[in-house]
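Novice: okay, here's the prediction I keep looking at, along with the sequence it came from:
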Amino acid sequence: MSMQSGNQSFTGWTSGFLGMLIFSGSLPATRLAVQGLDPLFLTFARATIAGVLGLALLLMFRERRPGRGDLVPLAVVALGVVVGFPLLTAIALRHVTSAHAVVFIGLLPLSTAIFGVLRGGERPQPAFWLFSTLGSAIVIGYALRQQIDASAIGDALMVAAIVVCGLGYAEGARLSRRLGGWQVISWALVFSLPVMLPLAIGTRPASFHDVGSGALWGLAYVSLFSMLIGFVFWYRGLALGGIAAVGQLQLLQPFFGLLLAAWLLHETVPLSMIAVTLAIVACVASARRFAHAAPKAA
């Protein structure tokens, strides 16, 4: 490996790690925000704020416009990571704690991998589906056992959020090869802006005087970091270090999310939840090992 290639790999891993850290704070910040803001307004406002910033970046660097063939994939990215995941998680966090919801984030790499297989036409080995099914069964079993803190509605919303986010990540990874990393999320945000801006205005609170500072800080975090800045580091990491390699850093996200939930929100993180998260990460890591077809014998 050349020195230049080694430096690019190190920079990619560093950028990807920073992106993962930023995303780890999304659920705790969303939990703070929905304690004082309506989930619909939160979804529309965060996309609007990030969209304005994304537009400024595109204009500042004079980025070329996407081609006609990029419009549908960009719409998929927008529906997955700009609207779908933020909205579904915001509503879910009115029913479950962020510490409970973050367990589901352990399935996000698997969701991304599955859509990568479907969109890329790859042939995973049978073991891939074995570990995929096992990981899903662990999540469902854990959710069914939580008779006090869990909510069927909250769990269903989190599963839906993971599905649409995985689709948005996979589609964004494909687009980043043509448009560039941060440009993908910026264009997706800009395309969503004509819809998100009026919806944010229409759903805004009558007054912000009664909204606590914690909710406002949560809104600021998910708008600036989760919606835009995190993707700048994340997609740059994928571009420099490789999607398959750097993407595995996502497996660390549940652990950092659990720590942040316990630290910021003083939520209880039982040992059983940590054990479930470890089991999910093991299943996802094993599934990714078998995501490609086995080499044919010579």
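Specialist: Thanks, I have it. Numbers count the residues shown, from 1 in each chain.

Novice: CA atoms for contacts and neighbours, from now on please.
Specialist: Fine.

Novice: for the stretch 1-150 of the chain, which spans come out with low pLDDT?
Specialist: 1-6, 120-122, 143-144, 146-150 (pLDDT under 70).

Novice: quick one, helices of it?
Specialist: Ranges of helices within the stretch 1-150 of the chain are 3-24, 26-33, 39-60, 71-77, 85-92, 98-105, 108-120, 126-145, based on DSSP state H, counting those that start in this stretch.

Novice: tell me what angle the fifth one forms with helix 26-33.
Specialist: With axes from the mean of the first three to the mean of the last three C-alpha atoms, to 10 degrees defining the directions, helix 85-92 sits at 50 degrees from helix 26-33.

Novice: now helix 85-92 against helix 98-105, angle please.
Specialist: 140 degrees.

Novice: how distant is helix 85-92 from the center of its chain?
Specialist: Relative to the centre of its chain, helix 85-92 is centred 11 Å away, using C-alpha atoms, centre = their mean, to the nearest Å.

Novice: what is the burial count for residue 153?
Specialist: 13 (other C-alpha atoms under 10 Å).

Novice: test my guess that it contacts residue 95.
Specialist: Yes: counting by C-alpha atoms under 8 Å, residue 153 sits close enough to residue 95 to count as a contact (7.2 Å).

Novice: could the helices of the stretch 1-150 of the chain be laid out in CSV, adding distance to residue 232 and mean neighbour count?
Specialist: CSV is the format used below for the helices of the stretch 1-150 of the chain (distance: least, C-alpha to C-alpha, whole Å; neighbours: other C-alpha atoms under 10 Å):
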stretch, distance to residue 232, mean neighbour count
helix 3-24, 8, 20
helix 26-33, 15, 27
helix 39-60, 10, 22
helix 71-77, 15, 19
helix 85-92, 18, 25
helix 98-105, 20, 26
helix 108-120, 18, 20
helix 126-145, 29, 17
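
Novice: next, show the common contact partners of residue 153 and residue 95.
Specialist: Common contact partners of residue 153 and residue 95 (C-alpha atoms under 8 Å, 6 or more residues apart in numbering): none.

Novice: picking that back up, tell me which of the helices of the stretch 1-150 of the chain sits nearest to residue 253.
Specialist: Closest to residue 253 of these, according to C-alpha to C-alpha: helix 3-24, at 5.3 Å.

Novice: mind giving me the packing neighbours of that closest one?
Specialist: If you count contacts as 3 or more C-alpha pairs under 8 Å, 6 or more residues apart in numbering; DSSP states H and E, helix 3-24 packs onto helix 230-241, helix 243-246, helix 253-264.

Novice: mind pulling up the pLDDT for residue 165?
Specialist: According to the per-residue confidence, residue 165 scores 91 in pLDDT.

Novice: quick one: contacts for it?
Specialist: Taking C-alpha under 8 Å, 6+ apart, one finds 80-81, 84-85, 108, 111-112 in contact with residue 165.

Novice: so which of the residues you listed is the closest to residue 278?
Specialist: Using C-alpha to C-alpha, residue 108 comes nearest to residue 278 of these, at 14.0 Å.

Novice: what's the distance between the closest one and residue 285?
Specialist: With the distance defined as C-alpha to C-alpha, to the nearest Å, residue 108 ends up 12 Å from residue 285.

Novice: any chance of the helices of the stretch 1-150 of the chain in TSV with distance to residue 252 as columns?
Specialist: Conversion of the helices of the stretch 1-150 of the chain to TSV gives the following (distance: least, C-alpha to C-alpha, whole Å):
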stretch	distance to residue 252
helix 3-24	8
helix 26-33	14
helix 39-60	25
helix 71-77	23
helix 85-92	19
helix 98-105	10
helix 108-120	10
helix 126-145	16
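
Novice: just so I know, which of the ones you listed lies nearest residue 267?
Specialist: helix 98-105 (6.9 Å).

Novice: same for that closest one, what does it pack against?
Specialist: Using 3+ C-alpha pairs under 8 Å, 6+ apart as the contact criterion, the secondary-structure elements in contact with helix 98-105 are helix 26-33, helix 152-179, helix 253-264, helix 271-289.

Novice: if we go to 10 Å?
Specialist: Counting by 3 or more C-alpha pairs under 10 Å, 6 or more residues apart in numbering; DSSP states H and E, the packing neighbours recorded for helix 98-105 are helix 26-33, helix 85-92, helix 126-145, helix 152-179, helix 253-264, helix 271-289.

Novice: please save the CA atoms from it in CSV.
Specialist: As requested, C-alpha coordinates have been extracted for helix 98-105 and formatted as CSV (Å, rounded to 0.1, in the frame of the first residue of the first chain):
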residue,chain,number,x,y,z
SER,A,98,-34.1,6.7,23.4
ALA,A,99,-32.2,4.0,25.2
HIS,A,100,-34.8,1.5,24.0
ALA,A,101,-35.0,2.9,20.5
VAL,A,102,-31.2,2.8,20.0
VAL,A,103,-31.3,-1.0,20.2
PHE,A,104,-33.0,-0.9,16.8
ILE,A,105,-30.2,1.1,15.4
